[in-house]
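S.K.: sequence below, structure please.
(one chain, ligands or ions: 1)
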Amino acid sequence: MAALGPKRAVAVIGSGMAGLVTAYLIQQDSKRRYEVEIFEMQEQLSLDSASYTITSEDDLTYRVDVPMRAFDDGFHNNLKRMYDHLGVRYMSPKFIYPLSAISTTDGKKMPPHFIHSSSNHQVPPIRPEGCGYVEWILRTLYLAVCYFWFTACCFLIEPKPATSNDGGESLRHYLKRIRLPRHYTNGYLLPLMSSVTTCSHNELLDFPAIDAVDYARRTYRQSHYTVVGGVQNVQNKISSELSVMLGAMVTKVENVGSKIQVTWTDSKSKEVHSKQFDHVVMAVTPNVVGAIYEPLRKAMSSIPVNQGEAVVHRDRSTVPDCGQLLTRFSAKAHQSLDPTQILHICSNFSATESIHEHPYSVLVTSFPIAPIDPSKIIHRARLTRVLRTPQSRKVVNRIFAENSEHPYPEKEKIWCNGTGNVWLAGAWCWDGMVLLEGCVVSAMRVAESLDVEVPW
Ligand SMILES: Cc1cc2nc3c(=O)[nH]c(=O)nc-3n(C[C@H](O)[C@H](O)[C@H](O)COP(=O)(O)OP(=O)(O)OC[C@H]3O[C@@H](n4cnc5c(N)ncnc54)[C@H](O)[C@@H]3O)c2cc1C
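M.R.: Reported below is the predicted structural model:
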């Protein structure tokens with residue numbers, strides 16, 4: 001259907017998953033009321049920009065997603081519905097997680113002390129080489145008791161709710177309250193969870209407990225998926241009809257009368273440009289929002305972010321010695337489209353690195369702790385991760401007016417999503433773990449606010 005009047009101009013800043021999905025939805029408006037323009041500071045769309053193409057000896061190319069962009073039934077419900085709508089193909093690999101310690105004295109990686117499997121698909125768990133039967137049985141029993149206790153608590157014991165002073169109980173306090181043994185917390189739970197949140201164990205313990213509890217509940221015994229051929233397939237499908245300005249670093253967003261002015265610097269010419277829009281969607285991390293949009297400067301400073309790296313390499317000396325045990329799984333991984341994949345979880349008890357044995361014969365280390373031989377590095381990408389605390393949860397929920405169990409006094413009210421036709425979208429723009437599902441949920445929220453129908 002043709003638009004009835006002049007189209008309304010919408011700027012979307014950032015072309016990660018959140019920016020692209022927001023732009024895709026608004027551009028697809030059945031009444032054709034919007035003209036969308038994306039601003040991206042990189043010279044390519046951001047969703048797939050950190051990924052890397054491997055060319056095999058037989059000249060075939062394979063895309064390695066960086067970061068992995070896995071998703072789960074039960075948690076990534078809207079993302080999965082969107083992929084189904086777009087016809088994106090995905091597969092359900094089974095993951096094996098050998099857990100190893102990194103020595104705090106010499107940085108050496110020990111052979112794995114436990115081998116966990118996704119959704120516990122290996123029962124009984126695989127016995128690590130060098131671990132006697134008695135030790136393995138006792139350890140497995142201990143871990144089974146701790147695991148069932150933690151899982152039961154997640155379903156039966158609610159984290160303390162938000163009050164007018166904070167955004168609820170922290171994970172640190174929750175784990176103490178349910179009396180989860182510290183040995184299990186430090187050696188097993190935190191390394192496995194921080195491979196999802198890619199942050200230090202202390203930062204993870206500062207997360208709102210509800211994030212971890214909700215994630216554990218929703219992903220309990222569910223399948224994991226990855227996109228066949230990589231997220232480049234998603235990016236290609238949703239961006240094909242979008243107008244994108246690459247190399248455009250937005251430096252300021254400001255309300256000017258009933259319009260919003262976007263100012264950006266062209267990365268090649270260094271020229272500064274400005275243009276006015278009817279709506280602006282900032283699909284960038286909170287530190288960037290605070291830097292470019294003055295009304296949110298203070299609020300954004302309370303949302304922590306960290307910077308890390310993901311490295312694609314061939315330095316097998318970084319992989320803990322698993323003996324012959326896991327070789328058959330690696331071999332399988334090379335042959336099948338639906339393989340078992342190995343993700344080494346290596347922890348020095350304050351942080352964790354994960355090493356993914358990629359089916360295409362490379363290793364991908366996320367947030368490395370131990371050094372990697374520079375001559376064996378193929379590709380590296382800097383990544384920003386948005387973290388959560390009860391305090392930042394409170395700020396986010398106020399902005400999106402979500403889960404506000406307590407009405408806020410007038411003087412404490414802060415900027416709300418959509419004020420002055422400025423909107424936020426991003427993995428962090430919802431009340432939950434900062435993952436791809438938040439990108440889709442927040443993009444759908446913007447579309448629905450602009451009266452655009454979501455087709456999934
Ligand atoms: C190591 C790691 C592993 C992860 N693994 C998973 C996983 O397996 N599953 C999962 O669900 N989630 C995972 N995540 C989380 C998820 O990938 C991210 O949270 C999500 O991709 C963020 O998307 P976004 O669109 O909100 O923001 P971003 O991807 O950060 O996109 C915003 C983009 O905006 C651009 N930009 C920034 N500033 C400006 C500016 N001033 N002007 C113009 N453009 C600008 C940047 O290029 C940036 O890339 C992982 C994250 C990390 C770091």
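S.K.: next structured bit after the strand or helix carrying Val395?
M.R.: Using DSSP states H and E, the secondary-structure element containing Val395 is helix 390-399. In the C-terminal direction, the helix or strand that comes right after helix 390-399 (DSSP H and E) is strand 422-424.
S.K.: hmm, that next one touching the ligand?
M.R.: No. Strand 422-424 stays clear of the ligand (C-beta under 6 Å from any ligand atom), getting no nearer than 9.8 Å. Placement of C-beta: from N, CA and C, glycine included.
S.K.: any idea how far that strand is from the middle of the chain?
M.R.: 20 Å (C-alpha atoms, centre = their mean, to the nearest Å).
S.K.: quick check: mean pLDDT of that strand?
M.R.: In this model, strand 422-424 has a mean pLDDT of 98.
S.K.: related to what we said a few turns ago, the helix holding Val395: how far from the chain's middle?
M.R.: Mean-position distance between helix 390-399 and its chain equals 18 Å (C-alpha atoms, centre = their mean).
S.K.: tell me if that helix is near the ligand.
M.R.: No. If you take C-beta under 6 Å from any ligand atom as the test, helix 390-399 misses the ligand, and the best it gets is 12.8 Å.
S.K.: next up, phi/psi of Gly230, please.
M.R.: Phi and psi for Gly230, reported as degrees, to the nearest 10, are phi 90, psi 170.
S.K.: quick one: mean pLDDT for the helix holding Val395?
M.R.: For helix 390-399, the mean per-residue pLDDT is 95.
S.K.: please apply the same query to stretch 48-57.
M.R.: Summarised as a single mean, pLDDT over stretch 48-57 is 90.
S.K.: CA-only coordinates of it in PDB, if you can.
M.R.: What follows is stretch 48-57, C-alpha atoms only, in PDB (Å, rounded to 0.1, in the frame of the first residue of the first chain):
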ATOM      1  CA  ASP A  48      28.800  -9.800  10.900                       C
ATOM      2  CA  SER A  49      31.900  -7.500  11.000                       C
ATOM      3  CA  ALA A  50      33.900  -9.400  13.600                       C
ATOM      4  CA  SER A  51      33.400 -12.800  11.800                       C
ATOM      5  CA  TYR A  52      36.000 -14.300   9.600                       C
ATOM      6  CA  THR A  53      36.100 -16.500   6.400                       C
ATOM      7  CA  ILE A  54      38.400 -19.500   6.400                       C
ATOM      8  CA  THR A  55      39.500 -20.900   3.100                       C
ATOM      9  CA  SER A  56      40.200 -24.700   3.300                       C
ATOM     10  CA  GLU A  57      42.900 -26.600   1.400                       C
END
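S.K.: which residues does that stretch contact?
M.R.: Outside stretch 48-57, the residues within contact range by C-beta atoms under 8 Å, 6 or more residues apart in numbering are 42, 61-67, 230-232, 235, 310, 312, 360-362, 378-379, 381, 383.
S.K.: what's the answer for stretch 102-117, then?
M.R.: Outside stretch 102-117, the residues that touch it by C-beta under 8 Å, 6+ apart are 94-101, 122, 125-131, 139, 143, 187-188, 192, 318-323, 325-326, 344-349, 353, 369-371.
S.K.: let me see the ranges of the helices in this structure.
M.R.: Under the criterion DSSP state H, the chain carries helices at the ranges 17-27, 77-86, 133-156, 171-177, 182-184, 190-197, 201-205, 209-219, 232-239, 286-292, 297-300, 327-335, 390-399, 436-449.
S.K.: any chance of those helices in JSON lines, with mean neighbour count too?
M.R.: As requested, these are exported to JSON lines (neighbours: other C-beta atoms under 10 Å):
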{"stretch": "helix 17-27", "mean neighbour count": "27"}
{"stretch": "helix 77-86", "mean neighbour count": "18"}
{"stretch": "helix 133-156", "mean neighbour count": "14"}
{"stretch": "helix 171-177", "mean neighbour count": "19"}
{"stretch": "helix 182-184", "mean neighbour count": "13"}
{"stretch": "helix 190-197", "mean neighbour count": "22"}
{"stretch": "helix 201-205", "mean neighbour count": "19"}
{"stretch": "helix 209-219", "mean neighbour count": "20"}
{"stretch": "helix 232-239", "mean neighbour count": "19"}
{"stretch": "helix 286-292", "mean neighbour count": "21"}
{"stretch": "helix 297-300", "mean neighbour count": "16"}
{"stretch": "helix 327-335", "mean neighbour count": "13"}
{"stretch": "helix 390-399", "mean neighbour count": "22"}
{"stretch": "helix 436-449", "mean neighbour count": "23"}
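S.K.: with adjacent residues omitted, what lies nearest to the residue in the chain positioned nearest to the ligand?
M.R.: Using C-beta to the nearest ligand atom, the point where the chain gets nearest to the ligand is Gly16, with a distance of 2.4 Å. Beyond its immediate neighbours in the sequence, the residue positioned closest to Gly16 (C-beta to C-beta, 6 or more residues apart in numbering) is Ser46, lying 4.7 Å away.
S.K.: shouldn't that neighbour be in contact with Gly14?
M.R.: Yes. Ser46 is within contact range of Gly14, at 6.6 Å (criterion: C-beta atoms under 8 Å).
S.K.: who's more crowded, the two?
M.R.: When Ser46 and Gly14 are compared for neighbours, Gly14 comes out ahead with 27 against 21, by other C-beta atoms under 10 Å.
S.K.: skip the chain neighbours and tell me the closest residue to that one.
M.R.: Of all residues not flanking Gly14 in the chain, Ala283 sits nearest, at 3.8 Å (C-beta to C-beta, 6+ apart).
S.K.: where in the protein is the helix or strand with the lowest mean pLDDT?
M.R.: helix 327-335 (a mean of 61; mean pLDDT, DSSP states H and E).
S.K.: which residue, other than its chain neighbours, is closest to Leu190?
M.R.: By the measure of C-beta to C-beta, 6+ apart, the closest residue to Leu190 outside its immediate chain neighbours is His201, 4.4 Å from it.
S.K.: now that neighbour: how far from Val134?
M.R.: Summarising the geometry, the distance separating His201 from Val134, computed by C-beta to C-beta, to the nearest Å, is 30 Å.
S.K.: low-confidence ranges, the chain, go.
M.R.: For the chain, the stretches flagged by pLDDT under 70 are 1-4, 120, 328-339, 402-413.
S.K.: output the set of residues of it in proximity to the ligand.
M.R.: Where proximity means C-beta under 6 Å from any ligand atom, the interface of the chain facing the ligand comprises 13-14, 16-19, 39-42, 46, 67-71, 198, 249-250, 283-285, 288, 292, 310, 366, 383-385, 426-427, 434-436, 439.
S.K.: is His224 in contact with Tyr97, as I believe?
M.R.: No. When contacts are counted by C-beta under 8 Å, His224 is not listed as touching Tyr97 (11.5 Å).
S.K.: so what sits against both of these two?
M.R.: Counting by C-beta under 8 Å, 6+ apart, the common neighbours of His224 and Tyr97 are Ser118.
S.K.: relative to helix 436-449, how tilted is the helix holding Val395?
M.R.: With axes from the mean of the first three to the mean of the last three C-alpha atoms, to 10 degrees as the criterion, the two stretches helix 390-399 and helix 436-449 enclose an angle of 20 degrees.
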